[in-house]
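*Asks:* Sequence first, then the predicted structure, then my questions.
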Amino acid sequence: MKINKIKRHPGFFALTLSGICNSARNICRISNSAVRRVTFWFGVFLLLFVYQQKQLVFHFYFIEQEHLFLWSQDYFLSLIREHGGLVRWIEAFCAQFFMERYCGAFIMSAWLTATGMLAAAIIRRIAPASNLFITSLLPVIFLLFQHFDMNYRYCGTIAYTMMLALLYGYFCIPNLTGQVVYATVLGILLFWGFGAVAVLFLTAVVLWELMNRLNRAFFFIIPLLPVAGLVLWSIYTALAGNFRFLLLPDGYYSFRLRPGLALYFLWIYPVLLLLLCRFMRNRKPVRRRYKYVESSILLLAVTITFMLGMSRFVNRNSDFYKELDYYMRTAQWDRIIERCDGDVKNYLSMCCLNLALAEKGELSERMFSFTQQGVQGIFIPWNKALQSSVLLSDIYFSMGHIALAQRMAFEANVIMPDPGGPRMLKRLIQTSLIFGAYPVAEKYIDILEQTKYYRKWARNHRRFLWNDEAVGSDDLLGMKRRCIPKENFISEHLNVISDLENIALQNPAHQASIQYAGAFYLLSKEILPFREFAEKYYGTEALPTLPEPYQEAIVILSEQEPTILEQYAVSEAVVLRYQELRRQVITNRQNSAALPGLLKRSFGDTYWYYYMFK
């Protein structure tokens, strides 16, 4: 009866309606806030995607070749047994899709957006009234700077995102025991699976406890002890050669180099963030007008940081080479020549250009149509680095020097962190088939058949195993096999001219060999050895006629021996052009400083100009 009376009381319905309205307003407020956050981060994702797709498209193709993800249980188990193996497995899994257009930008934009969202969630969790939301973009920006660095490993971005996720989880645990157990267990797993970010995670936890609950902070020595033990054990057992790879972001960078300040800032950011949140945690709510002003100032500061950081931390010098490297890997020789229409001052890029000319059979005729930079423009010194090994393997393979092409592929695979890269594994399969080392080729084919994007190529090459006739009849493998000299000889990496001449004698149809040999003599300005080279090969199947740059070199020799012009059938047009060059040189000999510029307009595409001024 009392209940019925209460329900019939008019105040009861008013209170009930008021409660429903308040609940609805709270739900709407929460819903609107969530929608705004989702909209904001979706906008960030789109900006990152468009920007990275435009600026890093060839970088993603380049990075993909340094990873090899195998769809096998053995590959997974072999990695998770190693320190930092799980994050390397995730990195390789993501990187395999980089060869697809837009996938690299999409995947890495998702990781960067997740990093920012987790930083914002931590701020909202521990200091909701601080108005520090915009600062969650800082780790996104500094990680983006790293994505331009070819020496940075993307597992650093993945590990950093995982660290923020676990840090957010720590702040969601309400009691001391749960936090200590969480930090201890996850600290160990994070260290073993993701590397040095575990130290950053535990540092942030201990710092927060010291700032907020000093009387219980000593309990968090417990999570530090097992990780410290793992660090010492890793050094003792040589799992890591240096403490910096276990404690600092250096573990996510090329072990031969030191990372820049941008990567170290990422290590400082969680500490600074927690200090700011602690300082502003109990801040009273401010008026919306002042809140917008603060947000605008922070957004302006973040924008300035991005603009200054792009000029300070981002090096774009390798972008052009990465583009040429992609065209070279996909045999787009015309595209390389088209992109190099102008002065190419980088030795790596010049090597790509000359290789493209050689593959099209145009190196001898067209090499001086471009600004050559000496012998290093066709053959760089080997510095035992990854990129020089990969490039030299391509150059040697183009030359027909199969032994050195195979050696450089071996060297490149040794340097790579994964079980070799797909590009160099394909090269090892090709060279092994050419040499008839079928068991070795089968081993590498078995590996590539475990990949997603190279499985078809590997299966197509399985038909060459133990089938000399199939190898000999193949346009590529058969031609390269005929380049192998019948007699063994000691090959020199630093002096391959004699090797190229032997290859040219063995297989005159392989024009790249003789063209590279001639290019060596001309670019090194060794005129007398070049004459011996011409006497030996002119009129043979390897060199039936002299290309125009060769004739121009013969004209230089004719200054002391005029009869040589008839011996090599130098065209009258070449002789007349040389006479015009001499006339202009004599006319402007008093103005030696301006002479290179005056002659370049008419003779910049000749060997004579290179011989005089380069």
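*Replies:* Yep, that arrived.

*Asks:* residues of stretch 76-87 that come out buried?
*Replies:* For stretch 76-87, burial by neighbour count (16 or more other CB atoms under 10 Å) applies to 76, 79, 83-87. Any C-beta I mention is one placed from the backbone N, CA and C, and that applies to glycine too.

*Asks:* State the pair within these that is farthest apart.
*Replies:* Spatial extent of the buried residues of stretch 76-87 (CB to CB) is set by the pair 76 and 83 at 15.6 Å.

*Asks:* Can you list the neighbours in contact with stretch 36-46?
*Replies:* 109-110, 113, 116-117, 120, 137, 140 (CB atoms under 8 Å, 6 or more residues apart in numbering).

*Asks:* burial count for residue 479?
*Replies:* 16 (other CB atoms under 10 Å).

*Asks:* next one: residue 250
*Replies:* 20.

*Asks:* And residue 460, by the same measure?
*Replies:* Counted with other CB under 10 Å, residues neighbouring residue 460 total 10.

*Asks:* Same question for residue 98.
*Replies:* 24.

*Asks:* Over to residue 210?
*Replies:* Using other CB under 10 Å, residue 210 has 13 other residues around it.

*Asks:* What separation do you get for it and residue 163?
*Replies:* Computed as CB to CB, to the nearest Å, the residue 210 to residue 163 distance reads 19 Å.

*Asks:* and if you look at residue 108?
*Replies:* On the measure of CB to CB, residue 108 and residue 163 end up 17 Å apart.

*Asks:* likewise residue 201?
*Replies:* 5 Å.

*Asks:* what's the answer for residue 513, then?
*Replies:* On the measure of CB to CB, residue 513 and residue 163 end up 53 Å apart.

*Asks:* for residue 585, same thing?
*Replies:* Distance check for residue 585 against residue 163: by CB to CB, it reads 67 Å.

*Asks:* thinking again about what came up before, could you export the buried residues of stretch 76-87 to JSON lines, including columns for distance to residue 570 and secondary structure?
*Replies:* Formatted as JSON lines, those follow (distance: CB to CB, whole Å; DSSP: H, G, I helix; E, B strand; the rest coil):
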{"residue": "76", "distance to residue 570": "65", "secondary structure": "helix"}
{"residue": "79", "distance to residue 570": "63", "secondary structure": "helix"}
{"residue": "83", "distance to residue 570": "66", "secondary structure": "coil"}
{"residue": "84", "distance to residue 570": "64", "secondary structure": "coil"}
{"residue": "85", "distance to residue 570": "64", "secondary structure": "helix"}
{"residue": "86", "distance to residue 570": "67", "secondary structure": "helix"}
{"residue": "87", "distance to residue 570": "64", "secondary structure": "helix"}
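
*Asks:* closest to residue 563 among these?
*Replies:* Of all the buried residues of stretch 76-87, residue 563 sits closest to residue 79, with 69.8 Å by CB to CB.

*Asks:* excluding its backbone neighbours, what's nearest the closest one?
*Replies:* Leaving aside its sequence neighbours, residue 79 sits nearest to residue 85 (CB to CB, 6 or more residues apart in numbering; 3.7 Å).

*Asks:* how much space between the one you found and residue 191?
*Replies:* Going from residue 85 to residue 191 by CB to CB gives 12 Å.

*Asks:* likewise residue 81?
*Replies:* Taken as CB to CB, the span from residue 81 to residue 191 is 14 Å.

*Asks:* Can you name the residues that contact residue 250?
*Replies:* 196, 242, 244, 258-259.

*Asks:* Could you identify the buried members of these?
*Replies:* 196, 244, 259.

*Asks:* Hmm, which of these is lowest in pLDDT?
*Replies:* Lowest pLDDT among the buried ones among the contacts of residue 250: residue 244, with 82.

*Asks:* give the contact list for it.
*Replies:* 250-251.

*Asks:* hmm, back to that, of residue 585 and residue 163, who's got more company?
*Replies:* Remark: of residue 585 and residue 163, residue 163 carries more neighbours, 25 against 16, as counted by other CB under 10 Å.

*Asks:* Show me which residues of stretch 453-470 are buried.
*Replies:* Buried-residue list, stretch 453-470, by 16+ other CB under 10 Å: 454, 458, 461, 464-465.

*Asks:* got it, and stretch 559-572?
*Replies:* For stretch 559-572, by 16+ other CB under 10 Å, it's 564-565, 568, 570.

*Asks:* cool, stretch 380-393 as well?
*Replies:* Quick answer for stretch 380-393 (16+ other CB under 10 Å): 380, 382, 386-393.

*Asks:* what's the answer for stretch 577-584, then?
*Replies:* Result for stretch 577-584 [16+ other CB under 10 Å]: buried residues 577-578, 581.

*Asks:* Looking at those residues, which are in helices?
*Replies:* 577-578, 581 (DSSP state H).

*Asks:* Turn those into JSON lines, including distance to residue 42.
*Replies:* Putting those into JSON lines (distance: CB to CB, whole Å) gives the following:
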{"residue": "577", "distance to residue 42": "64"}
{"residue": "578", "distance to residue 42": "67"}
{"residue": "581", "distance to residue 42": "64"}
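
*Asks:* need those in JSON lines with pLDDT and distance to residue 348, can you?
*Replies:* Listed next are these as JSON lines, based on pLDDT from 0 to 100; distance: CB to CB, whole Å:
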{"residue": "577", "pLDDT": "91", "distance to residue 348": "32"}
{"residue": "578", "pLDDT": "90", "distance to residue 348": "33"}
{"residue": "581", "pLDDT": "87", "distance to residue 348": "32"}
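
*Asks:* what's the burial count for residue 498?
*Replies:* 12.

*Asks:* what's the pLDDT at it?
*Replies:* Reported pLDDT for residue 498: 86.

*Asks:* Most neighbours among the contacts of stretch 36-46, which one?
*Replies:* Ranked by the number of neighbours (other CB under 10 Å), those place residue 116 first, at 25 neighbours.

*Asks:* For it, give its distance to residue 267.
*Replies:* 17 Å.

*Asks:* now swap in residue 334 and tell me
*Replies:* In terms of CB to CB, residue 334 sits 46 Å off from residue 267.

*Asks:* and if you look at residue 584?
*Replies:* 62 Å.

*Asks:* ok, back up a step: neighbour count: residue 334 and residue 267, which is higher?
*Replies:* Taking other CB under 10 Å, residue 334 and residue 267 do not tie; residue 267 has more neighbours (18 against 11).

*Asks:* tell me which element that one falls in.
*Replies:* When secondary structure is defined by DSSP states H and E, residue 267 falls within helix 261-280.

*Asks:* So for that helix, mean pLDDT?
*Replies:* For helix 261-280, mean pLDDT is 88.

*Asks:* Next SSE downstream of that helix?
*Replies:* Downstream of helix 261-280, the next assigned helix or strand under DSSP H and E is helix 288-313.

*Asks:* List of residues touching the helix or strand just after that following helix?
*Replies:* Moving toward the C-terminus from helix 288-313, the next helix or strand (DSSP H and E) is helix 319-329. When contacts are defined by CB under 8 Å, 6+ apart, helix 319-329 is touched by residues 58-59, 61-62, 65, 150, 333, 335-336, 339-340, 346, 348-349, 352-353, 355-356, 391, 394, 423.
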